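Engineer: sequence unavailable; structure follows:
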């Protein structure tokens, strides 16, 4: 997992080329002006989903995992709390949708929480279970969120 500020002082040259390409796209694109939905960056290998996300409470939520794609989340506005834990492959699934490259875990051991706010990005790999869209405060909030899907083939 990676968690950083998009326009921070980090040296993005140390990231794999696929992540550098995704970050360069975000830095050069006004994602607030993009229509909701899918936008290709490199065909099915790297693509962006723009959404208006509404956060929710912890109760009833489930951590998710992906096998074919890494998720790069970016928040141009708003934010969310995200649960994160190591995925070992032994956790019980409560739902699997392999056609959509997503499975939901019944629970996550040793879960930690990130506070993501405007300007931050995070990268979750297949070994990173993540529980997105949790409320930052006491009430749901809606804001723009970008999810770039990066094919794991690009990391080999």
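Structural biologist: Perfect, I can see it now. Predicted, not measured: the structure shown is a model, and the values here were computed from it.
Engineer: please make it C-alpha for all contacts and neighbour counts, starting now.
Structural biologist: Noted.
Engineer: is it true that residue 94 lies in a strand?
Structural biologist: Yes - under DSSP: H, G, I helix; E, B strand; the rest coil, residue 94 falls within a strand.
Engineer: may I have the residues that are in contact with the spatially closest residue to it that is not a sequence neighbour?
Structural biologist: Distances taken as CA to CA, 6 or more residues apart in numbering place residue 106 nearest to residue 94, at 5.0 Å, with adjacent residues excluded. Going by CA atoms under 8 Å, 6 or more residues apart in numbering, residue 106 touches 62, 63, 91, 92, 93, 94.
Engineer: so which of those wins on neighbours?
Structural biologist: residue 63 (23 neighbours; other CA atoms under 10 Å).
Engineer: what about the nearest residue to it once chain neighbours are set aside, how many neighbours?
Structural biologist: Residue nearest to residue 63 in three dimensions, not counting chain neighbours: residue 131, with 4.1 Å by CA to CA, 6+ apart. Applying other CA under 10 Å, we find 24 residues neighbouring residue 131.
Engineer: and residue 131, what element?
Structural biologist: strand 128-134 (DSSP states H and E).
Engineer: let me see the residues that make contact with the helix or strand following that strand.
Structural biologist: Per DSSP H and E, the first helix or strand lying C-terminal to strand 128-134 is strand 142-151. For strand 142-151, contacts defined as CA under 8 Å, 6+ apart pick out 18-19, 22, 31-32, 44-55, 68-79.
Engineer: now do strand 142-151 and strand 128-134, the angle between them.
Structural biologist: 160 degrees (axes from the mean of the first three to the mean of the last three CA atoms, to 10 degrees).
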